[in-house]
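[1] Curious how this folds, go ahead:
(one chain, ligands or ions: 2)
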Amino acid sequence: MTKVLVSDPIDQAGIEILSQVAQVDQRIDLSNEQLKEVISEYEALMIRSGTQVTSEVIEASDRLRIIGRAGVGVDNVDVPAATKRGVLVVNSPGGNTIAAAEHALALLLALSRNIPQAHSSTFGGLWERKKYVGNELYKKILGVVGLGKIGSHVAKVANAMGMEVIAFDPFVSADRAQQMQVRLSSIDNLFEEADYITLHLPRTPETENLVNAQLLSTMKSTARLVNCARGGIIDEAALADALNSEVIAGAALDVYAEEPLKKDSPLLSVNKGLILTPHLGASTAEAQENVAIDVAEQIRDVLLGLPARSAVNIPGLSAEIMDSLKPHLQLAETLGLLASQISGGHIQKLEVRLQGEFAQHPSQPLVVATLKGLLSTALGDRINYVNASLEAKGRGINVLEVKDESCPDFSGGSLQLTTVADDGSHSLAGTVFADGDLRITCIDEFPVNVAPSRHMLFTRHRDMPGIIGKIGSLLGVHNVNIASMQVGRRIVRGEAVMVLSIDDPIPSELLKSILQIQGINEAHPVTL
Ligand SMILES: NC(=O)C1=CN([C@@H]2O[C@H](COP(=O)(O)OP(=O)(O)OC[C@H]3O[C@@H](n4cnc5c(N)ncnc54)[C@H](O)[C@@H]3O)[C@@H](O)[C@H]2O)C=CC1
Ligand SMILES: O=C(O)C(=O)COP(=O)(O)O
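    Numbers count the residues shown, from 1 in each chain. Ligands and ions are numbered 1, 2, ... in the order given. Have a look, this model is predicted:
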């Protein structure tokens with residue numbers, strides 16, 4: 001029975017979906033060592049931010065096919081290691097957007113009205129109305145760093161509350177910002193100008209310690225900072241200093257460089273203006289249900305052999321694309337598999353040419369499918385859509401893609417592969433008919449019209465009387481049944497190709513005899 005490990009708290013709705021197709025083990029108290037020990041039992045792993053999926057865990061995972069992150073950030077997953085091993089990583093890019101945005105807004109309001117401090121004081125029997133005079137957000141400048149899904153929602157609500165919103169996001173166009181009534185700014189200007197700053201960008205090598213002592217020193221002394229995005233973007237020691245020495249007025253954090261927050265964190269020595277929550281941004285009943293359903297459905301689908309809609313490590317291969325391109329992907333994989341068996345030697349270069357209608361489709365999935373086919377003879381089921389590009393790169397295969405919308409050979413266009421290997425170059429072309437049937441339409445520039453079949457024999461030979469008869473008799477002697485035969489030639493008695501669809505594989509002694517026939521230059525048995 002297929003087994004799924006759930007190693008962080010996941011909403012029951014997700015567990016129910018997974019249980020339709022697998023045995024679901026919920027083990028939310030595993031140490032990293034224990035996870036490494038048990039992971040080889042599982043085909044799928046479902047996590048939130050608590051589980052560290054390191055390269056060691058991935059290497060220990062013999063059967064793992066998919067890691068599902070019930071949330072957005074995948075910085076607790078070694079995605080390159082997963083990709084290398086062909087493990088798909090999926091997330092839920094939008095399931096907790098509103099929850100995280102509302103938590104950031106809640107922290108902005110809590111900061112400006114001293115709500116946690118006033119709450120403790122009142123519970124302690126005090127009545128400190130004067131001490132907790134706050135500020136209004138109305139007419140203040142809010143600086144949003146990272147104007148993606150969460151940042152945009154914060155900006156929208158802030159606008160509605162009468163704030164002026166400025167933003168820093170190098171990947172957002174001026175038009176998009178204008179539509180959102182947001183003024184784009186440089187990061188330096190944003191930190192100088194804003195009364196409130198909220199971070200909504202991922203943690204990457206570029207954003208690590210982005211908010212350091214220098215940037216904090218440029219903020220207004222009345223300004224307040226919120227981080228509901230990722231720990232490590234703010235230098236926590238520098239923030240503690242800035243608060244203790246009143247360089248800024250306040251900060252509210254939901255995320256930390258190390259989680260759970262360490263007892264000796266400099267943040268815990270700050271005695272004024274700091275609000276801390278334990279990574280609660282996504283923790284609403286609604287968001288947890290959304291992300292659990294979203295990710296559990298993807299895990300279920302992948303375990304059933306269907307595509308996932310939010311794959312992190314095969315960008316551009318959404319479920320919709322996979323569905324609409326199914327026969328085209330199948331053709332690409334088949335031609336890749338054929339090319340590897342015809343080419344023989346080490347392939348150094350692969351050109352994937354998309355012609356006619358094929359050029360109107362996104363090329364990346366078709367190239368990836370070709371590579372999967374090309375490498376599957378060598379790597380078997382270790383190769384998949386996740387690691388095909390990486391494996392090709394690792395083998396020094398130089399991939400070139402060409403789109404050519406003009407002059408399709410077939411009304412539906414064609415996919416053409418050219419390989420350059422140690423022992424020369426080969427080319428193949430194929431097409432998809434309207435009913436989804438696949439056809440090989442060209443081999444080494446010789447036109448043919450062949451439906452791919454499980455066992456085939458390709459020859460390059462001289463077009464002369466008797467040669468086909470000799471091959472036919474040899475196959476008969478070895479009890480190999482011929483299902484169909486096609487010959488392609490450009491000139492009479494010149495070079496030709498032959499494609500035999502056969503019911504049985506070609507034994508090696510038969511291949512040797514075929515190659516001894518006078519006029520046969522090459523013979524390649526192929527198994528699809
Ligand atoms: N506290 C919590 O529980 C939660 C935290 N998050 C975190 O919030 C962050 C934002 O999430 P989403 O809005 O869903 O992601 P998103 O991908 O929609 O938006 C991120 C934005 O950051 C921008 N960005 C990237 N590098 C940048 C840089 N160097 N400077 C400025 N902007 C940059 C991108 O262009 C993008 O527009 C993520 O780190 C995510 O992990 C998300 C959900 C819950
Ligand atoms: O979705 C995200 O990026 C989050 O940070 C949410 O984390 P969580 O699922 O609550 O551990």
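[2] State the phi and psi torsions of whichever residue of the chain sits closest to ligand 1.
    Using C-beta to the nearest ligand atom, Gly148 is the residue of the chain that sits closest to ligand 1, at 1.7 Å. Where C-beta positions appear, they are placed from N, C-alpha and C, glycine not excepted. Backbone torsions for Gly148, taken as degrees, to the nearest 10, come to phi -90, psi -140.
[3] tell me the pLDDT at it?
    For Gly148, the model assigns a pLDDT of 93.
[4] Just want the phi and psi numbers for the spatially closest residue to it that is not a sequence neighbour.
    Excluding the flanking residues, the one nearest Gly148 by C-beta to C-beta, 6 or more residues apart in numbering is His200, at 6.2 Å. The phi/psi pair for His200 (degrees, to the nearest 10) reads phi -140, psi 50.
[5] what about Ser453, neighbour count?
    Ser453 has 16 neighbours, counted by other C-beta atoms under 10 Å.
[6] Ok, Glu258 next?
    10.
[7] residue contacts, it?
    Counting by C-beta atoms under 8 Å, 6 or more residues apart in numbering, Glu258 makes contact with Gly231, Ser265.
[8] looking at this, it is in a strand?
    No. Counting by DSSP: H, G, I helix; E, B strand; the rest coil, Glu258 is not found in a strand; it is coil.
[9] how close does it sit to Ser340?
    Distance of Glu258 to Ser340, computed by C-beta to C-beta, to the nearest Å: 46 Å.
[10] go on, Lys130?
    Per C-beta to C-beta, Lys130 is found 79 Å from Ser340.
[11] ok, these two, which is more surrounded?
    Set side by side, Lys130 and Ser340 show more neighbours around Ser340, with 20 against 6, by other C-beta under 10 Å.
[12] and the more buried one, what does it touch?
    Ile347, Gly373, Leu374, Leu375, Ser376, Thr377, Ala378, Thr419.
[13] Can you name the next helix or strand after the helix or strand encompassing the last one?
    The reference is to Thr419. Here Thr419, judged by DSSP states H and E, is contained in strand 414-421. Following strand 414-421 in sequence order, the next helix or strand is strand 424-432 (DSSP H and E).
[14] Partner strands of that following strand, with direction?
    strand 414-421 (antiparallel), strand 438-443 (antiparallel) (DSSP bridges).
[15] which of the contacts of Ser340 lies closest to ligand 2?
    The shortest approach to ligand 2 among the contacts of Ser340 belongs to Leu375, at 33.3 Å (C-beta to the nearest ligand atom).
[16] From ligand 2, how far off is the closest residue to the closest one other than its chain neighbours?
    Distance criterion C-beta to C-beta, 6+ apart; nearest residue to Leu375, sequence neighbours excluded, is Ile383 at 4.6 Å. Distance of Ile383 to ligand 2, given as C-beta to the nearest ligand atom, to the nearest Å: 30 Å.
[17] coming back round to it: would TSV of the strands paired with strand 424-432 with mean pLDDT and mean neighbour count be doable?
    Converted to TSV, those look like this (pLDDT from 0 to 100; neighbours: other C-beta atoms under 10 Å):
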stretch	mean pLDDT	mean neighbour count
strand 414-421	94	22
strand 438-443	94	21
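[18] can you redo the ones you listed as JSON lines with distance to Leu239?
    Conversion of the strands paired with strand 424-432 to JSON lines gives the following (distance: least, C-beta to C-beta, whole Å):
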{"stretch": "strand 414-421", "distance to Leu239": "55"}
{"stretch": "strand 438-443", "distance to Leu239": "60"}
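[19] Ligand 2 is nearest to which of these?
    Distance to ligand 2, taken as C-beta to the nearest ligand atom, is lowest for strand 414-421 among the strands paired with strand 424-432, at 38.4 Å.
[20] Could you tell me the phi and psi values at whichever residue of the stretch 201-350 of the chain sits closest to ligand 2?
    Using C-beta to the nearest ligand atom, Ala282 is the residue of the stretch 201-350 of the chain that sits closest to ligand 2, at 3.6 Å. Reported as degrees, to the nearest 10, the phi and psi values for Ala282 are phi -100, psi 0.
[21] show me the contacts for it.
    Arg48, Gly71, Val72, Asn96, Ala99, Ala100, Gln288, Val291.
[22] Identify the residue spatially nearest to Asn449, adjacent ones excluded.
    Nearest to Asn449 is Arg439, by C-beta to C-beta, 6+ apart, at 6.0 Å.
[23] And Ile440, by the same measure?
    Using C-beta to C-beta, 6+ apart and skipping the chain neighbours, the partner closest in space to Ile440 is Val450 (4.5 Å).
[24] circling back to that earlier point, inside strands: which ones of the contacts of Ala282?
    Among these, no member falls in strands (DSSP state E).
[25] Only whichever of these are buried, select them in PyMOL.
    This is the PyMOL syntax for the buried subset of these, where burial follows 16 or more other C-beta atoms under 10 Å:
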select buried, resi 48+71+72+96+99+100+288+291
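[26] Please convert the contacts of Ala282 to JSON lines, extending it with pLDDT and distance to ligand 1.
    Converted to JSON lines, those look like this (pLDDT from 0 to 100; distance: C-beta to the nearest ligand atom, whole Å):
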{"residue": "Arg48", "pLDDT": "98", "distance to ligand 1": "9"}
{"residue": "Gly71", "pLDDT": "97", "distance to ligand 1": "6"}
{"residue": "Val72", "pLDDT": "95", "distance to ligand 1": "4"}
{"residue": "Asn96", "pLDDT": "98", "distance to ligand 1": "5"}
{"residue": "Ala99", "pLDDT": "98", "distance to ligand 1": "7"}
{"residue": "Ala100", "pLDDT": "98", "distance to ligand 1": "4"}
{"residue": "Gln288", "pLDDT": "98", "distance to ligand 1": "11"}
{"residue": "Val291", "pLDDT": "98", "distance to ligand 1": "9"}
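[27] can you give me the helices in the stretch 201-350 of the chain?
    Counting by DSSP state H, counting those that start in this stretch, the stretch 201-350 of the chain has helices at residues 213-217, 236-244, 285-303, 319-324, 326-343.
[28] same deal with the stretch 1-150 of the chain?
    So, for the stretch 1-150 of the chain - with DSSP H, counting those that start in this stretch - the helices run 12-19, 32-38, 55-59, 79-84, 97-113, 115-123, 149-160.
[29] Which one of those helices lies nearest to ligand 2?
    Among those, helix 97-113 comes nearest to ligand 2, with 7.0 Å by C-beta to the nearest ligand atom.
[30] who touches the residue nearest to Gly148 in this structure?
    By C-beta under 8 Å, 6+ apart, His200 lies in contact with Ala100, Ala104, Val144, Val145, Gly146, Leu147, Gly148, Ile150, Gly151, Val154, Cys228, Ala229.
[31] repeat that for 6 Å
    Gly146, Ile150, Gly151, Ala229 (C-beta atoms under 6 Å, 6 or more residues apart in numbering).
[32] Now tell me what touches stretch 180-194 from outside.
    So stretch 180-194 is contacted by Ile141, Gly143, Ala155, Asn159, Val165, Ile166, Ala167, Phe168, Ala177, Leu215, Thr218, Met219 (C-beta under 6 Å, 6+ apart).
[33] ok, so what distance separates the last one from Ala237?
    Remark: distance between Met219 and Ala237 (C-beta to C-beta) = 17 Å.
[34] Between these two, which is the more surrounded one?
    A count of neighbours by other C-beta under 10 Å puts Met219 above the other of Met219 and Ala237, at 23 against 14.
[35] Show me which residues of the stretch 1-150 of the chain sit near ligand 2.
    Within the stretch 1-150 of the chain, the positions adjacent to ligand 2 are Arg48, Ser49, Gly50, Gly71, Val72, Gly73, Asn96 by C-beta under 6 Å from any ligand atom.
[36] try it again with 8 Å
    8, 48-50, 69-73, 91-92, 96, 100 (C-beta under 8 Å from any ligand atom).
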